[in-house]
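S.K.: Sequence and predicted model, in that order:
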Amino acid sequence: MIEEFDSRKARAAAWFRSLRDEIVASFEGLEESHTGEGEAGRFEVTETRRESGGGGLMSVMRGGRVFEKVGVNVSTVHGSLGERAQKAMAARGVPGMAENPEFWASGISLVAHMQNPHAPAVHMNTRMFWTPHAWWFGGGSDLNPCLEYQEDTAHFHGRMQAACDAHAPDYFPRFKAWADEYFFVPHRGRARGVGGIFYDDLNTGDWEADFGFTQDVGRAFLPAFVPLVEKRRDMPWTEADRDAQLVHRGLYAEYNLVYDRGTKFGLETGHDANAVLMSLPPLAKWV
C-alpha cells in the first residue's frame, strides 16, 4: 500500500506545482495588462525548508498595480507529527496516530489582497495528506470582498458549483455549507467573507476520483476570480472605501491567527513561519 502511494503522491505534488505556475503567470498577466501607475508587480520566489523534511516555494508579490499583496505557496513536506498534531489528527478520526505518526502532505495555498477596495480578496487551497493508515484530500476557495457585489458572489459560487456538480450532486450544497461554517468568526458573530466551498478529509475510497475532484476545484479558481478583478480594478474609490477595506482585513487577520486549521498545522509542524503567515494582509486596522 505504501509503495502504491509513492506514485500517487508524486502525481499530486506535480499537479499542485503546475497549478501554482499557472496562477503565478495569470496574476503577473493581470499586472501587465493594467494601465495603472507604477511598475507591474512581479513575484519574488523563495525556497522554503522544513527542518524535519521537505519544503516548497513561497511566491509573494507586494505593491503591484492590481495586487497590494498576494502569496502563492506550494509545498511538499514529510516526517513525524508532534504530540499536539497527533492528538488533533486522532480527534478528527485519523487511525493509527499513536502507533505511527509518520505523515506526508502536499498542497497549494494562496491569498490575494487587492489595491482597489472594490476588487475582492480571495483565498484558495487544495492539498493531499497521507499517513500509513489513511489518506485524504481537502481544500476549497472563498471570496472575501469588503464591498460586496451580488453578481460577483453569484459568479464565484457558480464556478465552484460547476466544479462540484461534475463529480457529485451533493458536493456543492455540502461544501458551501461547510465553508459558511468554517469561515465564520465566532467572536465577531459574522463570516469573514461571502464564502465559497470548503472540504476536508475527503476519502471516498476512490483515490483517482477524489484527486480528479481536487484538480477541478483548482482549475475553477482562475475562471472564478480573474473576471472579477478585471471588472473592478479600474473602479474609482474613496477614502471611506479604503477604510472599509482595512477594517475588513483586520477581520481576516483575526480569523487566520485564531481559527485557521492550516495556520495552526503549519506552525506546529515546523514549516517556514513566513510561508505559513503569508496570508496576512500588508496593512489592516481595527476600530
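M.R.: Done, it's in.

S.K.: Please name the bridge partners of residue 202.
M.R.: According to DSSP bridges, the partner residues bridging residue 202 are residue 137.

S.K.: I figured it hits residue 135, correct?
M.R.: No - using C-beta atoms under 8 Å, residue 202 is not in contact with residue 135; the gap is 9.7 Å. (Glycine included, C-beta is placed from N, CA and C.)

S.K.: what ranges do the strands span in the stretch 1-150 of the chain?
M.R.: If DSSP state E, counting those that start in this stretch is used as the criterion, the strands of the stretch 1-150 of the chain fall at 44-49, 54-62, 67-80, 102-114, 121-131, 134-144.

S.K.: quick revisit: quick one, which of residue 202 and residue 135 is more surrounded?
M.R.: Neighbours were counted for residue 202 and for residue 135 using other C-beta atoms under 10 Å; residue 135 has more, 21 against 18.

S.K.: can you pull the contacts of the more buried one?
M.R.: By C-beta atoms under 8 Å, 6 or more residues apart in numbering, the contact set of residue 135 is 5, 128, 129, 203, 207.

S.K.: Going through the residues you listed, which ones are buried?
M.R.: 5, 128, 129, 207 (16 or more other C-beta atoms under 10 Å).

S.K.: Please determine how far the first one is located from residue 13.
M.R.: What it means is residue 5. 12 Å (C-beta to C-beta, to the nearest Å).

S.K.: re earlier: take the strands of the stretch 1-150 of the chain and write them to JSON lines, including distance to residue 30 and mean pLDDT.
M.R.: Shown next, in JSON lines, are those (distance: least, C-beta to C-beta, whole Å; pLDDT from 0 to 100):
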{"stretch": "strand 44-49", "distance to residue 30": "17", "mean pLDDT": "92"}
{"stretch": "strand 54-62", "distance to residue 30": "10", "mean pLDDT": "95"}
{"stretch": "strand 67-80", "distance to residue 30": "8", "mean pLDDT": "94"}
{"stretch": "strand 102-114", "distance to residue 30": "10", "mean pLDDT": "95"}
{"stretch": "strand 121-131", "distance to residue 30": "12", "mean pLDDT": "96"}
{"stretch": "strand 134-144", "distance to residue 30": "16", "mean pLDDT": "96"}
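
S.K.: Any chance of a markdown table for those, columns distance to residue 87?
M.R.: As requested, the strands of the stretch 1-150 of the chain are arranged in a markdown table below (distance: least, C-beta to C-beta, whole Å):
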| stretch | distance to residue 87 |
| --- | --- |
| strand 44-49 | 26 |
| strand 54-62 | 22 |
| strand 67-80 | 14 |
| strand 102-114 | 14 |
| strand 121-131 | 14 |
| strand 134-144 | 16 |
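
S.K.: wait, which of those strands is closest to residue 34?
M.R.: Comparison of these against residue 34 by C-beta to C-beta identifies strand 67-80 as nearest, at 9.8 Å.

S.K.: Quick check: neighbours of the closest one in the sheet, parallel or antiparallel?
M.R.: Here, using DSSP bridges, strand 67-80 pairs with strand 54-62 (antiparallel), strand 102-114 (antiparallel).

S.K.: Now it - C-alpha only, PDB.
M.R.: The C-alpha atoms that make up strand 67-80 are tabulated as PDB, following Å, rounded to 0.1, in the frame of the first residue of the first chain:
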ATOM      1  CA  PHE A  67      -2.300  43.300  -6.100                       C
ATOM      2  CA  GLU A  68      -1.200  45.100  -2.900                       C
ATOM      3  CA  LYS A  69       0.000  41.700  -1.600                       C
ATOM      4  CA  VAL A  70      -0.500  38.200  -3.000                       C
ATOM      5  CA  GLY A  71       1.200  35.000  -2.000                       C
ATOM      6  CA  VAL A  72       1.100  31.700  -3.800                       C
ATOM      7  CA  ASN A  73       2.800  28.900  -1.900                       C
ATOM      8  CA  VAL A  74       3.300  25.300  -2.800                       C
ATOM      9  CA  SER A  75       4.900  22.700  -0.500                       C
ATOM     10  CA  THR A  76       5.600  19.000   0.000                       C
ATOM     11  CA  VAL A  77       6.600  18.000   3.500                       C
ATOM     12  CA  HIS A  78       7.000  14.800   5.400                       C
ATOM     13  CA  GLY A  79       8.200  13.500   8.700                       C
ATOM     14  CA  SER A  80       6.600  12.600  12.100                       C
END
